[in-house]
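Asker: sequence first, then the predicted structure, then my questions.
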Number of protein chains: 2
Amino acid sequence: MFPLNDHFPGYESIQFFAKRYKELDVSALESYLAVVRVASQLNRGAEAYFQRMDMSQGRFMVMIMLLKAGEAGLSPAEIAQNISCARATVTGLLDTLEASGWTERHADPGGDRRSLTVRLTEAGRQKLDSILPGHYHRIAQAMAEFSAEERNQLKTLIQKFSLGLSAFEATFSGLAEEKNSEQPHSKKENP
Amino acid sequence: MFPLNDHFPGYESIQFFAKRYKELDVSALESYLAVVRVASQLNRGAEAYFQRMDMSQGRFMVMIMLLKAGEAGLSPAEIAQNISCARATVTGLLDTLEASGWTERHADPGGDRRSLTVRLTEAGRQKLDSILPGHYHRIAQAMAEFSAEERNQLKTLIQKFSLGLSAFEATFSGLAEEKNSEQPHSKKENP
DNA sequence: TACTTATTGTTAGTGCCCTAACTACCTGGA
DNA sequence: TCCAGGTAGTTAGGGCACTAACAATAAGTA
């Protein structure tokens, strides 16, 4: 009923590709695909939830950051860095958020006339109060069957996986790009 | 150097939110965020790799499915189902793939004049041969430090997590939608 | 057989995020 | 002091995947 997608990379399927490509490490691919699959499921689920709340993942992340920043606020550039997206993307997100009345742009109190300070409005805080409990509930439910030890194991293994990925990416993007300051895409982390 | 994004949901950050929202299950959220973070990293990495190869994740998945299908080919509707995307999306992907000469649409041999059969061309197969070894190499590298047992643990825990997610989604999307045949979004699974 | 209902692939239009290119502004060395 | 070079936010334009609606065709039923 809800098997996201059973067709795809089932065991026989992996065998098929393993025969054709000797670089394929079967058990590595199995774990990898399991993670990818859950990633997709996660993303889909979150997107659906946020959509029901008249919200998007990107806008949500901005609001989360601003809630945490409090009165001090954040500049668009800081937001972009924190949620790992392009500055231009933040402009768009803020336009939408501001149209809804959930954030405000103010002149930088520090006197840099290029810079802005963005703050959550009271309405914005209330919006988050209407979204976050359900969000956290979803997450708690998803992990309900996990023992404390399992949670730790999962976290640890995933982090190790992340390290493995990073290390590898680093080696060869290091050659090609070397110095590519403006950090591009990536995204999707929501407390 | 490559910490994707350290700013975001660090431990102190979670405490901050835990104070504000009692629904928040700290250890659940920690594991959840670890997965989400890796998901993002994964996606970003794959996207970067495919882009370098003049390819996109969606088009790649279509080609993978077609390679597996062989001479029999697949209809656009089947492709959509297999990779969990909308039929309209497949139309677009096939337009692009066809323009590159990697796939072809043929009249359905079964005689259903609504339906098409899509097949990989020889050039398409060669394209895959130029992409997949690197792709599998990436994956093998990422998992290189994992013992057989760790790979299994990771896979098992992730699958359990997936089940937890599904079970929960099912309960309340069951109420609202009930009968929403045309399966929408989701995506991102590539062997 | 005629009629209703379902399915196929496509088009049109939307949202989100990206890159590239700008203007305005700041900063640090000749 | 002046000016070369960096940084802030924005605009313009593109890619990809989605939904909604469509015409053509198939299948099920009275």
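Answerer: Sure, I can see it.
Asker: show me where chain A has its helices.
Answerer: A:11-20, A:26-52, A:57-69, A:76-83, A:87-99, A:122-142, A:148-176 (DSSP state H).
Asker: whatever residue of chain A ends up closest to chain B: neighbour count?
Answerer: At 3.1 Å from chain B, residue A:39 is the closest residue in chain A, using CB to the nearest CB. (C-beta placed from N, C-alpha, C; glycine too.) Per other CB atoms under 10 Å in any protein chain shown, the neighbour tally for residue A:39 reads 22.
Asker: what's the closest non-adjacent residue to it?
Answerer: What sits nearest to residue A:39 in space, not counting adjacent residues and going by CB to CB, 6 or more residues apart in numbering or on different chains, is residue B:39, at 3.1 Å.
Asker: residues contacting residue A:162?
Answerer: By CB atoms under 8 Å, 6 or more residues apart in numbering or on different chains, residue A:162 lies in contact with B:4, B:34, B:37-38, B:41.
Asker: hmm, I typed the wrong one, I wanted residue A:14.
Answerer: A:24, A:26, A:29-30, A:33, B:191.
Asker: near DNA strand D, which residues of chain A?
Answerer: Counting by CB under 7 Å from any atom of the strand, chain A comes close to DNA strand D at A:75-77, A:87-88, A:90-92, A:94-95, A:105, A:112, A:114-116, A:181.
Asker: and which of those is nearest DNA strand C?
Answerer: Checking the residues of chain A next to DNA strand D against DNA strand C with CB to the nearest atom of the strand, the nearest one is residue A:88 at 3.3 Å.
Asker: where in chain A is pLDDT low?
Answerer: A:1-11, A:169-191 (pLDDT under 70).
Asker: any idea how far the residue of chain A closest to chain B lies from residue B:165?
Answerer: 11 Å (CB to CB, to the nearest Å).
Asker: try residue A:107
Answerer: For residue A:107 relative to residue B:165 (CB to CB), the value is 44 Å.
Asker: more neighbours: which of these two?
Answerer: Between residue A:107 and residue B:165, counting by other CB under 10 Å, residue B:165 is the more crowded of the two (23 against 11).
Asker: now that one, nearest residue through space, not along the chain?
Answerer: Spatial nearest neighbour of residue B:165, excluding adjacent residues (CB to CB, 6+ apart): residue A:142 at 4.7 Å.
Asker: so what's that neighbour up against?
Answerer: By CB under 8 Å, 6+ apart, the contact list for residue A:142 reads B:28, B:32, B:161, B:164-165, B:168.
Asker: distance to residue A:20 added to those residues, as JSON lines?
Answerer: What follows is the contacts of residue A:142, written out as JSON lines (distance: CB to CB, whole Å):
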{"residue": "B:28", "distance to residue A:20": "40"}
{"residue": "B:32", "distance to residue A:20": "36"}
{"residue": "B:161", "distance to residue A:20": "31"}
{"residue": "B:164", "distance to residue A:20": "35"}
{"residue": "B:165", "distance to residue A:20": "32"}
{"residue": "B:168", "distance to residue A:20": "38"}
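Asker: which among those residues end up buried?
Answerer: If you count burial by 16 or more other CB atoms under 10 Å in any protein chain shown, the buried members of the contacts of residue A:142 come out as B:28, B:32, B:161, B:164-165, B:168.
Asker: and which of those is nearest residue B:65?
Answerer: residue B:165 (24.3 Å; CB to CB).
Asker: from memory that closest one sits against residue A:38, does it?
Answerer: Yes. Here residue B:165 reaches residue A:38: they are 7.4 Å apart, a contact under CB atoms under 8 Å.
Asker: thanks again, I'm all set now.
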